[in-house]
Every structure is written in C-alpha cells, then in structure tokens.
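[1] sequence plus predicted model, see below.
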Amino acid sequence: LDEVIAALAIKPNAIIVDATFGRGGHAEEIMKRLGTSGRLLAMDRDPAAVEAGRRRFRGDARVVIEQQPFSLLQQFCERHRVSGQVSGILLDLGVSSPQLDDAQRGFSFRADGPLDMRMDPSHGPTAAEWINSAPETEIERVLREYGEERFARRIARAIVARRTQRPFATTADLQQLVAEAMPRREGGKDPATRTFQAIRIHINRELDELAAVLPQALRVLANGGRLAVISFHSLEDRMVKQFLRTQSTAPALPPKLPIRHQTVRMPLTLVGRKHQASAAEVQRNPRARSAVLRVAERTEVAYA
C-alpha cells in the first residue's frame, strides 16, 4: 500500500483511475491525498465490489465507480472526458481477498462451495461448466500454460474420466480429484493450488484483459502520469515487465542514421526497480508475499 501511494505521486488536483477497486483499500488512501478539485474514477468487474464502493464513498462528488472490466479503460475515460488527463492508473491484478474468502464465489479450495470462479457472476461460463465440457487437450493446455502445472496431462485425464461418472459441482470435488491425481506433493502447498489458479485465469480471461489494458493506459495518461501495476503471478509480471521495457527502451538505430539514442524519447520512463512487499507487510498480510509492483511514467514521444 505505502509503495503504491508513493509511486502514484498524487497531487491534490489529480485525476486517478483505480481500475481494480476491490474493497477500496487503495482508493481510501488515494482520496486522503486528493483536494476538492481532484477526482477518483474507479472500476471493477465484480458487482459486489462496485456496490461496496458506492456505499463507502456515497455523497462524495469526486468519486465515480462503475462495473466493467479494465479492458474498457480507454472507453471509460473517454466517457468521463478525462482521456489524456489522467495523473495515475492503478492495476492490482488477480483475485481480491473478499472473493477468496467467500466460499460461494468458488475461487478457493479452503472452504467448499459452488465451483464458479467468475469475477463477474453474471457473465460467461462457470468453472464447473467449463471443466465438465472442455476437451481434455484444452484442459491440459490451460493447466500447463496458466498454472505452470507439471502434471497437467495427468490431471486433465483424471478430470475427463471422473466427469463421465459424475459432473463436477463444488470446489471440494475438484480439490479432491487433483489431490488423488498428483503423484507427489510440494511441501507447504496444496496440490490443487496451480489447478485452481489456472482455471480462474482462464475463466476470467485475465491475461487477455491485461494485454488489452496496457496500451490503453498509454493513451489515457497525461504527460507525467504514472502507471502502477501489482502482479501476483509470474505470467502477469512477465507481460507487464516486457510491455514497460518495450515502451521505455529506444529502438536500435542504424549506425549511420543522424539521430543519437539519447534524442529518442519513448512513451514511458521506468520509475525505479520492481518493488516487493516488505517483511512487515507480509507478516500483516501473507497474501502480499508474491506481489510485485512495477511503475512507469508517461513521457511525450519526441524525436529531436
């Protein structure tokens, strides 16, 4: 939290977009730093998060909260007439703690509940519907690509064999199946961890959403505006890292071209190195242990 707020460098008259509102922890700290002319535009895919946010900031004319995926960031900013004027954008990727803690949402195997996993419960197939109908090869690919699961083929085969006898309906169904299919366990980690993560990423198209929003951030940020992205998964962080590096690194120029590398200005400038949660924060919030924060600042593209 402290690193994010510092990274956004919030001024009293800033326009900040919190594209992953969650339950408003970041938003509350942002609002403490905004003056009467500042604005917070928040969005979230989860209707429960939006409802909580509207209750939390009811009556504050500086705050707008809408339900939509952050892949619609540019459209959202254009509708509110702030495109090109945004001082800071926050993307806190992955699933939120309230989603994990609510067994009825089906994100976690810690408590039994419906196998849903949708961030927006009104849109798309549930995790149960997908694993009860997807081809074995597709299930294997999802587990391997999004969960980096070494035993993806074994688990996919077991899922298909089991669903012919009894369809999957709950998180306990899937957790038990994965535990039985795994030839060995990693110390300190439930064998179903990677499988649940992979299916959640697939169901919510999380990497597609991230790929869509990053270039939009460039288009809506003002010069000097900051983009702060918190990733919890290696695939997310790799995508963010590559995007920021590409947009901040000048292209290789032919040796005889009459332009020096230092005269080429790129759309982004990296702000510091990656940040990870301190030991004190991890002690307060163990879920922060895998968080990686990367920050970049929007610059005006120019060729001198």
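    Right, received. Where do you want to start?

[2] so who does the residue nearest to Glu28 when sequence neighbours are not counted touch?
    Spatial nearest neighbour of Glu28, excluding adjacent residues (C-beta to C-beta, 6 or more residues apart in numbering): Arg56 at 7.6 Å. Heads up, the C-betas are built off the backbone N, CA and C, glycines and all. Neighbouring residues of Arg56 by C-beta atoms under 8 Å, 6 or more residues apart in numbering: Gly24, Ala27, Glu28.

[3] the residue nearest to Arg62 when sequence neighbours are not counted pairs with what?
    Among residues not flanking Arg62 along the chain, Arg39 sits closest, at 5.3 Å (C-beta to C-beta, 6+ apart). Beta-bridge partners of Arg39, counted by DSSP bridges, are Ile15.

[4] these two touch, right, Arg39 and Val82?
    Yes - between Arg39 and Val82 there is a contact at 7.3 Å, judged by C-beta atoms under 8 Å.

[5] give the intersection of the neighbour lists for those two.
    With C-beta under 8 Å, 6+ apart as the test, Arg39 and Val82 both reach Ile15.

[6] hang on, the earlier thing: buried among the contacts of Arg56? Make that a ChimeraX selection.
    Remark: buried members of the contacts of Arg56, expressed as a ChimeraX selection using 16 or more other C-beta atoms under 10 Å:
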select :24,27
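
[7] wait, which of the contacts of Arg56 is closest to Gly147?
    Of all the contacts of Arg56, Gly24 has the smallest distance to Gly147: 29.6 Å, by C-beta to C-beta.

[8] so where do the helices sit in the stretch 101-250 of the chain?
    127-131, 136-147, 152-163, 171-181, 193-203, 206-220, 234-248 (DSSP state H, counting those that start in this stretch).

[9] which of those helices is buried the deepest?
    Comparing the helices of the stretch 101-250 of the chain by mean neighbour count (mean count of other C-beta atoms under 10 Å), helix 193-203 ranks first with a mean of 23.

[10] check what contacts it and list those residues.
    Against helix 193-203 from outside (C-beta under 8 Å, 6+ apart): 95, 107-109, 117-118, 124-127, 130-131, 142-143, 145-149, 155, 171, 174-175, 178, 206-207, 233, 235.

[11] next one: stretch 230-240
    Taking C-beta under 8 Å, 6+ apart as the rule, stretch 230-240 contacts 4, 90-94, 145-146, 148, 197, 201, 206-207, 210-211, 214, 229, 274, 290-294.

[12] can you report phi and psi for the most centrally placed residue in the chain?
    Residue closest to the average C-alpha location in the chain (C-alpha atoms, centre = their mean): Leu93, at 1.8 Å. The phi and psi values for Leu93, taken as degrees, to the nearest 10, are phi -80, psi 170.

[13] correct me, but it touches Val213?
    No - between Leu93 and Val213 there is no contact under C-beta under 8 Å: 9.9 Å.

[14] which stretches of the stretch 51-200 of the chain have low pLDDT?
    185-188 (pLDDT under 70).

[15] Gly94 against Glu206, yeah?
    Yes - counting by C-beta under 8 Å, Gly94 does reach Glu206; the two are 7.4 Å apart.

[16] and the strand ranked longest in the chain, how far out from the chain middle?
    Using DSSP state E to define each element, the chain has its longest strand at strand 221-231. Centre-to-centre, strand 221-231 and its host chain are 14 Å apart (C-alpha atoms, centre = their mean, to the nearest Å).

[17] how about Gly88, phi and psi?
    phi -160, psi 140.

[18] beta partners of it?
    Beta-bridge partners of Gly88, as defined by DSSP bridges: Ile16, Arg226.

[19] quick one: residues contacting it.
    Leu8, Ala9, Ile10, Ala14, Ile15, Ile16, Val17, Gly225, Arg226, Leu227, Ala228.

[20] surely the second one meets Gly225?
    No - taking contacts as C-beta under 8 Å, Ala9 lies outside contact range of Gly225: 9.4 Å.

[21] these two: which has the busier surroundings?
    Gly225 (25 against 17; other C-beta atoms under 10 Å).

[22] for that one, which non-adjacent residue is spatially closest?
    Arg298 (4.6 Å).

[23] go on, Pro98?
    Nearest to Pro98 is Arg23, by C-beta to C-beta, 6+ apart, at 5.6 Å.
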